[in-house]
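Participant: Sequence isn't available, so here's the structure alone:
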């Protein structure tokens, strides 16, 4: 090989080495970068895993912390699961009535002779209601209410079940019920005892619910409502407190109610409705219509139509009418009571009432289409709570008439008229005081067709949560 060729080969070899050296260097740098990138990605994954674990731990702690939500609105304890499927609440009410009567000696003598009561009316203090209950929901669509009444214990009745009820609300606007309850019959009886305008409901209503819709009735049925319409239908038997066999103690009844409200939520609202019941298996073939003179600090009753052992069926029916606009409200109901199968044919009786009220402090009456009845008055400026509010003040008047006489069959249950004037102070959402003055007249009572009457003054102290 010539020197020339050797020099040419060496130059070519050097050039090749020079040109390939950067390539080798670039290759090594890229590998290092890829390794570093992989390390960073692995580190990021570890950081993400730590964040996820930390977040899950925080979420788990939060979930455990909020498994149960507790509220105390208006003093009522309510416990609610985080998912909203389960609730448990405690309710209570205490209605303490104190009252007295003014009756002349001649009226008292006539009352004793007509009714057979050994004494005249006596003033008294009486826990008209003393209830404690537990209610709520489970599995989201099911509800329950268990309530006991200790009022009147030791006088007219022992402590007893007021309601033990299971409901299903999984269908919009529908409320199915099963258990011991008070069916929603009549306008005034569908209004809570915490919200009624007077100390006692009108005689017409108390008589209407007697055969089929009283307290703690064993009941299957339900209600349905839209924004303006309400309907209810039930099958009822005897009270949860009754014992013995069905034929002797339990009745068979159907109860229904329909109502329409023009504007339930605001403005001028007109309520039109009707209630009815039919009892076709009367316990012992007996039914009795009677009531106290719209005050219960004394247990004596003035009017009484007793069909003992000779009645096949009893039917009650009648219309409801009410309207409210702002702080003014008026309502009235009329009912007929028919008893068939008695000796001499059938008995026809009736009763009605009209009442009106005005909230002097300007609060508006509230109407609830879900029960087609009125809710209570909520004061805009409550008394107490460290403030100087005056609460809400309401005046009311009612005229009540009941006729349990039917001359065609010689029935002399009595004819009763009552004028009631009331003043109510809603101190706050839990406390109310009710002052009622009553003027009572009874005519044609008993076989001797005797007349008598009295005046009464009563105060109720009401606490509820």
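Facilitator: Received the coordinates, thanks. Because the structure is a prediction, the values reported are computed rather than measured.

Participant: for the residue most central in space within the chain, what are its contacts?
Facilitator: Computing the C-alpha centroid of the chain and ranking residues by CA atoms, centre = their mean puts residue 192 first, at 6.1 Å. Residues in contact with residue 192 (CB atoms under 8 Å, 6 or more residues apart in numbering) are 373, 375-376. Bear in mind the C-beta positions are built from the backbone N, C-alpha and C, glycine included.

Participant: Only whichever of the residues you listed are buried, select them in ChimeraX.
Facilitator: In ChimeraX, this line selects whichever of those come out buried by 16 or more other CB atoms under 10 Å:
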select :373,376
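
Participant: Sort out which of the contacts of residue 192 are in strands and list them.
Facilitator: In strands, judged by DSSP state E, the following of the contacts of residue 192 are found: residue 373.

Participant: re earlier: tell me how far the residue nearest to the centre of the chain lies from residue 276.
Facilitator: 22 Å (CB to CB, to the nearest Å).

Participant: Pipe the contacts of residue 192 into TSV and attach distance to residue 117 and pLDDT per row.
Facilitator: Shown next, in TSV, are the contacts of residue 192 (distance: CB to CB, whole Å; pLDDT from 0 to 100):
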residue	distance to residue 117	pLDDT
373	34	98
375	38	95
376	35	92
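
Participant: right, and out of the contacts of residue 192, which lies closest to residue 122?
Facilitator: Of all the contacts of residue 192, the one with the least separation from residue 122 (CB to CB) is residue 376, at 31.2 Å.

Participant: so residue 44 is in which element?
Facilitator: Assessed by DSSP states H and E, residue 44 sits inside helix 3-65.

Participant: Likewise for residue 273?
Facilitator: strand 269-279.

Participant: swap in residue 207?
Facilitator: Per DSSP H and E: helix 203-208 holds residue 207.

Participant: Can you name the element that comes right after that helix?
Facilitator: strand 217-225.

Participant: Can you tell me which helices and strands that following strand packs against?
Facilitator: With contacts defined as 3 or more CB pairs under 8 Å, 6 or more residues apart in numbering; DSSP states H and E, the packing partners of strand 217-225 are strand 174-181, strand 229-239.

Participant: Would you mind saying which of those strands lies nearest residue 461?
Facilitator: It's strand 174-181; of the helices and strands packed on strand 217-225, that one is closest to residue 461 (CB to CB) at 26.9 Å.

Participant: Figure out how far that closest one is from the centre of its chain.
Facilitator: Relative to the chain's own centre, strand 174-181 is displaced by 12 Å; criterion: CA atoms, centre = their mean, to the nearest Å.

Participant: Next: stretch 405-418.
Facilitator: Centroid separation for stretch 405-418 versus its chain: 35 Å, with CA atoms, centre = their mean.

Participant: check which helix or strand covers the nearest residue to residue 271 once chain neighbours are set aside.
Facilitator: Spatial nearest neighbour of residue 271, chain neighbours left out: residue 322 (4.1 Å); criterion: CB to CB, 6 or more residues apart in numbering. For residue 322, the element it lies in under DSSP H and E is strand 313-325.

Participant: Which strands border the helix or strand that that strand is followed by, and is each parallel or antiparallel?
Facilitator: Downstream of strand 313-325, the first helix or strand assigned by DSSP H and E is strand 328-342. Here strand 328-342 has these sheet partners by DSSP bridges: strand 313-325 (antiparallel), strand 345-359 (antiparallel).

Participant: Make a markdown table out of those and add distance to residue 163.
Facilitator: Output for the strands paired with strand 328-342, formatted as a markdown table (distance: least, CB to CB, whole Å):
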| stretch | distance to residue 163 |
| --- | --- |
| strand 313-325 | 22 |
| strand 345-359 | 26 |
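
Participant: any chance of the ones you listed in TSV, plus distance to residue 393 and mean pLDDT?
Facilitator: Formatted as TSV, these follow (distance: least, CB to CB, whole Å; pLDDT from 0 to 100):
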stretch	distance to residue 393	mean pLDDT
strand 313-325	17	98
strand 345-359	7	96
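
Participant: Dump these into CSV; add mean neighbour count and distance to residue 36 as well.
Facilitator: Putting the strands paired with strand 328-342 into CSV (neighbours: other CB atoms under 10 Å; distance: least, CB to CB, whole Å) gives the following:
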stretch, mean neighbour count, distance to residue 36
strand 313-325, 20, 79
strand 345-359, 19, 80
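
Participant: Residue 118 is nearest to which of these?
Facilitator: Within those, the stretch nearest residue 118 is strand 345-359; the backing value is 26.6 Å (CB to CB).
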